[in-house]
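> Test case, fold it:
(3 chains)
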Amino acid sequence: MLTFCLTALLVLAMLLSLGWGAVSDTEVIGALLAVDGVSVRDRTIVWDIRLPRVLTGVLVGAALAVSGAIMQGLFRNPLADPGLVGVSAGAGFGAVLAIVLGASAPFWFQAMMGYYLVPLAAFFGGWITTLLLYSVATRNGRTSVATMLLAGIALAALTGALTGILVYYATDDELRDLTFWGLGSVAGANWQKFWSAAPLIIICLIAAPFLARSLNALALGEAAAGHLGIRVQAMKRIAILTVACSVGAAVAVTGGIGFVGIVVPHLLRLVQGPDHNRLLINSALLGAVMLLLADAISRTVIAPAEMPIGIITAVIGGPFFLWILMRNRSLVDL
Amino acid sequence: MELIARNISVRFGAAQILQNVDFTAKAGSFSAIIGPNGSGKTTLLRAMTGEIGHSGRVSINGQDTRETDADTLARQRAVLAQSTQLAFPFTVLEVVRLGLTAGVATGDPTDTADLPFKALARVGLEGFEGRFYAELSGGEKQRVQLARVLVQIWLPVLNAQPRWLFLDEPVSSLDIGHQLLVMQIAADYAKAGGGVISVMHDLNLTAMFAQNVMLLADGNCLASGKPSEVLTNATLSTAYGCSLAIKTAPTDGAPWLLPHAARLTEHRTTS
Amino acid sequence: MMIRIVPLIAACTAWPTISAAERYPTADAIVSVGGPITEIIYALGEENRIIARDTTSVFPDEVSDLPDVGYMRRLSAEGVLSVGPDLIIARSTSGPEEALDQLRGAAVPIVFVEDGFTPEAVLASVDTVGEALGVEEKADALIAKLTADFAELEQKRVGRDDPIRVLFALSIDGGRLNASGRGTGADGIITLAGGVNVMADTFEGYKLVNDEAVILAAPDVIIMMDGRGDHGGRAEEVLALPSVSLTSAGENEAFITIPGAALGFGPRTPQLASDLLTQLETLSDED
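As a prediction, the model looks like this:
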């Protein structure tokens, strides 16, 4: 029932996002249906700007929310964030490298990469740090999520320091670009970026619900889950892989967007309980809705300029995070 | 059908926890593992359930556990830990349903809808389905876990193969009434053809319910056999470092240990 | 996908707009991206044709009544399109590329104006903007005026044997100065005003400099931007720095501020450079 409502809500949000803005609704429908007489400008707005933006928002929101739910199940803690697996620190660092050193790269390289340089660097950066954290935390085939968390803190400090060094060498323009990247934006979404990230995210979204049974059992602890027939170490690998891929692809396209991964699953748990069979699917839907909502706010609040979407998710998510923390004082268990 | 553990040794770092321990349990009987703290009882249990690595061989119903995959093993045996954490606000019903993770507990898929309710009734928690697990008392939580474990291996014998119930100090946190309830459930499971293996602290309950007892001390087996053979002053004083008065219970003739008459022997001042 | 061919053809027919000679004399819904560009449009008297501007366009004051499409390096295609432009004039460092591509795809012509911190760059910008607006005569007039102004400035500069040594700092960070090397607007205006940027040989852009570098550079004057905060307080703070106190600037308490506009090279540059030159001369006369 909830799933049905969320799906309906998502469709509504998508239509509203598509139709909202300077181009009026009838023009949007005309552009979508390729009716004659729709101006090039309006057609471009709908097909080349709004549609990829809405679809990107849907996929990114879904990816972030589902990854958050998976991470919380894996760490057995409602405050776990997709970033814990290391992917955000690495993606951020990859972006810094690309932004600051990209201008010094050979010209043919820059021409070849075009504006894919930063997204690709972010994606691979996220991957490398996840692999690094995973190998640090895994011994004798057993992955310790607690070690992963602590190693992640060390890694964040390291990437922070390296970023600081690069920031020193950056020009003013590069510094601004970096700041804006860190704040996140769906505005830069076009069809090329969408198609480069979409297949990976979609595969991860399809794979995620298969983890539900294992995540439920894992709530009893790894030993009990093992006794119930779950292959715990294999399942952890798959979970981490799924999160790294989907979040890596999402962050590569939109930059850093926070809090969706924490807020969405938590809200859903309050309504539908913690059963992952429904939680994962509903998280994807609600995550998409939330991102479209945040995007709508980012387009409205200082129009015609746009506020980076990461600010909006932080303004909503930060206080919410604190509220969860205060409610769950007794529930912190690594 | 038996559960056979041969030459089990376990090391954690520099410490040798278990040294070439042999253990056999028969289906249809209740086997207890007793011993002082640090003797390796829980470690032995974990080795037999497949939770930790060990050298030696464990076979359940004739199959080596290391060559059995997790799903199949989960249909043959279930484990009740001493206590269980739960990370999220599941309801009691959802927790008990987790016992069905490995698949069907009986031969018949249509049974699964009812099983959680039957299991809760069995442990005396009828009507608790909608309650939140986190709000229950320690004893109630442990009984919910027992219900979950029962749901996992509901039929003591499935396809002519006995199923095995492992318990790790299952009643240590329960009041006397619930202690007896849980022990009786385990005993009934054994009587119906299943195998029950339990690590026990309480020697009297062991004497009451177990048909087979093994006494561990310092990672080695000190004695094993029937309760009346193992629970003697000679063996117990060596293991536990105190001399106990052992009587015979008037009701069933089982050994009956009286702590009142205990005397600490000199060589065990600390445990 | 048949539907996609139309925008493709439209984009192809828009191709000629990316060539050098681009005139849009009839454009009257212009989005101006970049402070200096906006100033040039106002200086040419064509401001009524502007429909929106970016965040860095702050002069003259009435420009803030126009809608703000965002920061110049972080434009949103939809935001810009929402004001219904028929021409965009932007600094060459505007971005991001994806947004510019989307704007081109929507068949909105974009004219880029090269950045620079020299008089030549200013004159070239006026030329480009004038051509884009289709008001070449007005542009030529403005160029002539600015050329004369720059020449006058050069006259004032000539004849100084020992140019004043200047250190420009954007800010103080943890007790260190964020100084300007070469290739910045500060460097450009210092040179135009007849000073020597002490950090020009050492690095490009803005960097936090350490104490020894400041002392070795031996500036006679420290310059910062006007603006937020108490001028007197900042002067004290800077002059109190140990490194500064060991320089000639520190000993003579030579600290001046200039308006932020001086760092962006546009039509007001000759005047602002001249003001700075006068300030520097006054200071050195006081020695």
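> which ones are touching residue 126?
All of this refers to chain A. Residues near residue A:126 by C-beta atoms under 8 Å, 6 or more residues apart in numbering or on different chains: A:86-88, A:90-91, A:94, A:244, A:247-248, A:251-252. Every C-beta, even on glycine, is put in place using the N, C-alpha and C of the backbone.
> try again with chain C
C:40, C:43-44, C:139, C:142-143, C:146, C:267 are the contacts of residue C:126 under C-beta under 8 Å, 6+ apart.
> Most neighbours out of those residues, which is it?
The residue in these with the most neighbours, by other C-beta atoms under 10 Å in any protein chain shown, is residue C:40 (26 neighbours).
> In the stretch 51-200 of chain B, what residue lies closest to chain C?
In the stretch 51-200 of chain B, the residue that lies nearest chain C is residue B:88 (39.8 Å; C-beta to the nearest C-beta).
> Tell me which residue in the stretch 201-334 of chain A sits closest to chain C.
Closest to chain C within the stretch 201-334 of chain A is residue A:305: 3.3 Å, counting by C-beta to the nearest C-beta.
> from memory that residue sits against residue C:71, does it?
Yes - the pair residue A:305 and residue C:71 qualifies as a contact (C-beta atoms under 8 Å) at a distance of 7.5 Å.
> which neighbours do the two share?
Taking C-beta under 8 Å, 6+ apart as the criterion, residue A:305 and residue C:71 both touch residue C:55.
> What is the burial count for residue C:105?
Other residues near residue C:105 come to 23 when the count uses other C-beta under 10 Å.
> Over to it: give its phi and psi.
Torsion angles at residue C:105 (phi, psi; degrees, to the nearest 10) stand at phi -60, psi -30.
> helices and strands of chain C: which one has the lowest mean pLDDT?
Sorting the helices and strands of chain C by mean pLDDT, DSSP states H and E puts helix C:2-13 at the bottom, at a mean of 43.
> thinking again about what came up before, let me know the helix or strand that the residue of the stretch 201-334 of chain A closest to chain C is in.
Residue A:305 belongs to no helix or strand when elements are defined using DSSP states H and E.
> likewise the one 5 residues further on?
Per DSSP H and E, residue A:310 falls inside helix A:309-327.
> So which bits of chain B are right by chain A?
Neighbours of chain A within chain B, by C-beta under 8 Å from any C-beta of the partner chain: B:46, B:49-51, B:70-71, B:73-75, B:77-79, B:81, B:84-91, B:94-95, B:98-99, B:101-103, B:152.
> Give me the domain ranges for chain C.
Domain segmentation of chain C under automatic domain parsing yields C:3-155, C:165-286.
> Contact partners for the closest residue to residue C:112 other than its chain neighbours?
Spatial nearest neighbour of residue C:112, chain neighbours left out: residue C:92 (4.7 Å); criterion: C-beta to C-beta, 6 or more residues apart in numbering or on different chains. Counting by C-beta under 8 Å, 6+ apart, residue C:92 makes contact with C:112-115.
> Residue 47: neighbour count?
Let's take chain A. 20.
> my bad, the chain I had in mind was chain C
Neighbours of residue C:47 under the rule other C-beta under 10 Å: 17.
> Can you report how many residues lie near the closest residue in space to it that isn't next to it in sequence?
Closest residue in space to residue C:47, ignoring its immediate chain neighbours: residue C:41 at 5.8 Å, by C-beta to C-beta, 6+ apart. Residue C:41 has 26 neighbours, counted by other C-beta under 10 Å.
> tell me which element residue C:41 falls in.
For residue C:41, the host element (DSSP H and E) is helix C:35-43.
> per-residue pLDDT, the residue of the stretch 201-334 of chain A closest to chain C?
Residue A:305 is assigned 82 on the pLDDT scale.
> before we move on, what about residue B:106?
Reading off the confidence values, residue B:106 has pLDDT 66.
> And for residue A:23?
With respect to pLDDT, residue A:23 has a value of 56.
> of the contacts of residue C:126, closest to residue B:199?
Nearest to residue B:199 out of the contacts of residue C:126 is residue C:40 (C-beta to C-beta; 86.4 Å).
> that older thread, for the record, mean pLDDT for the following helix or strand past the helix holding residue C:41?
For helix C:35-43, the following helix or strand on the C-terminal side (DSSP H and E) is strand C:50-53. Averaging pLDDT along strand C:50-53 gives 93.
> Show me what strand C:50-53 is packed up against.
For strand C:50-53, the helices and strands in contact under the criterion 3 or more C-beta pairs under 8 Å, 6 or more residues apart in numbering or on different chains; DSSP states H and E are strand C:30-33, helix C:35-43.
> contacts for the first one?
In this structure, residues lying in contact with strand C:30-33 by C-beta under 8 Å, 6+ apart are C:38, C:41, C:49-54, C:57, C:69, C:72, C:75, C:80, C:83, C:85-91, C:94, C:133.
> Just give the nearest non-adjacent residue to residue B:193, would you?
Spatial nearest neighbour of residue B:193, excluding adjacent residues (C-beta to C-beta, 6+ apart): residue B:157 at 4.1 Å.
> That neighbour pairs with what?
residue B:162 (DSSP bridges).
> most packed of the helices and strands packed on strand C:50-53?
Compared across the helices and strands packed on strand C:50-53, strand C:30-33 shows the largest average neighbour count, a mean of 28 (mean count of other C-beta atoms under 10 Å in any protein chain shown).
> Buried ones among the residues of chain B next to chain A?
Among these, those classed as buried by 16 or more other C-beta atoms under 10 Å in any protein chain shown are B:46, B:49-51, B:70, B:73-75, B:77-79, B:81, B:84, B:86-91, B:94-95, B:98-99, B:101-102, B:152.
> The residues you listed in helices, which ones?
B:46, B:49, B:70, B:73-75, B:94-95, B:152 (DSSP state H).
> Please produce CSV containing these, extended by pLDDT.
What follows is those, written out as CSV (pLDDT from 0 to 100):
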residue, pLDDT
B:46, 92
B:49, 91
B:70, 88
B:73, 91
B:74, 91
B:75, 90
B:94, 94
B:95, 95
B:152, 92
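> Would you mind naming what in the stretch 151-300 of chain A lies close to chain C?
Within the stretch 151-300 of chain A, the positions near chain C by C-beta under 8 Å from any C-beta are A:168, A:171-173, A:176-177, A:180, A:185, A:187-190, A:193, A:299.
> tell me which of those residues is nearest to residue C:153?
Using C-beta to C-beta, residue A:172 comes nearest to residue C:153 of those, at 26.3 Å.
> got the contact list for that closest one?
By C-beta under 8 Å, 6+ apart, the neighbours of residue A:172 are C:205-206.
> Now render the domains of chain C as TSV, adding distance to residue B:173.
TSV is the format used below for the domains of chain C (distance: least, C-beta to C-beta, whole Å):
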stretch	distance to residue B:173
domain C:3-155	60
domain C:165-286	57
